[in-house]
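Colleague: Any chance you could fold what I've pasted below:
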Amino acid sequence: MTDTEPESHAGLPQDAERFTDVYDRHFDVIYGYVAGRLGAQTADDVAAETFTTAFRYRARFDPARGSVRAWLFGIATNLVARHQRAEARHYRALARTVAEPPAASHESRVVTAVAAQRLQPQLAAALAALPARERDVVLLAALADLSHAEIAQALGIAYGTVGSRLSRARAKLRAALEGTER
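Modeller: All right, here's what the predicted structure looks like:
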């Protein structure tokens with residue numbers, strides 16, 4: 001397929017010049033999701049690879065199966081899966097770190113920062129301990145703010161499976177954080 005072929009699917013341009021609209025509309029949310037999963041340094045590469053992959057397989061996009069946005073999150077999640085070992089190492093490293101005290105600022109921001117920093121190592125360890133399937137669902141909901149339907153589409157799983165995985169993951173996270181002060 002060449003870059004100048006006409007669109008074969010509504011909503012997803014087939015030529016390179018028009019595909020930039022897809023990139024412009026969705027890059028920020030894809031980047032944010034990937035950055036939340038793998039860190040900002042890796043996010044640049046993985047987010048770019050998401051759009052390279054989407055362009056390469058643009059003819060496979062089927063609008064009857066869902067939105068371009070959810071399709072892109074599915075691609076990003078698959079690429080993140082390739083970096084699962086690095087992600088797990090990242091969370092284990094965060095779990096071992098000692099949080100630095102927050103800089104002096106407005107009282108409510110200080111209280112929030114202290115609470116978040118205190119929980120960060122435990123949360124990172126709890127996330128690393130989750131099975132990848134549950135971690136993907138939690139992070140798509142928390143970092144990408146996707147609906148259950150969008151998560152189901154992105155991961156290629158049933159809508160009900162999203163709810164059950166999310167419920168199990170939340171229970172495990174609550175149990176892991178039980179007894180920590182907020």
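Colleague: now the chain, which segments are flagged as low pLDDT?
Modeller: 1-11, 84-88, 90-91, 97-119, 179-182 (pLDDT under 70).
Colleague: which residue is nearest the middle of the protein?
Modeller: residue 33 (3.6 Å; C-alpha atoms, centre = their mean).
Colleague: what's near enough to touch that one?
Modeller: 73, 76, 139, 140, 143, 144 (C-beta atoms under 8 Å, 6 or more residues apart in numbering). (C-beta placed from N, C-alpha, C; glycine too.)
Colleague: would TSV of the residues you listed with distance to residue 64 and neighbour count be doable?
Modeller: Converted to TSV, the contacts of residue 33 look like this (distance: C-beta to C-beta, whole Å; neighbours: other C-beta atoms under 10 Å):
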residue	distance to residue 64	neighbour count
73	18	26
76	21	28
139	27	21
140	22	29
143	27	15
144	23	22
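Colleague: rewinding a little: please identify the buried residues of the helix or strand the residue nearest to the centre of the chain falls within?
Modeller: In this assignment (DSSP states H and E), residue 33 forms part of helix 16-38. Neighbour-count burial for helix 16-38, counted by 16 or more other C-beta atoms under 10 Å, picks out 19, 22-23, 26-27, 29-38.
Colleague: What sits closest to residue 80 if chain neighbours are left out?
Modeller: residue 37 (5.0 Å; C-beta to C-beta, 6 or more residues apart in numbering).
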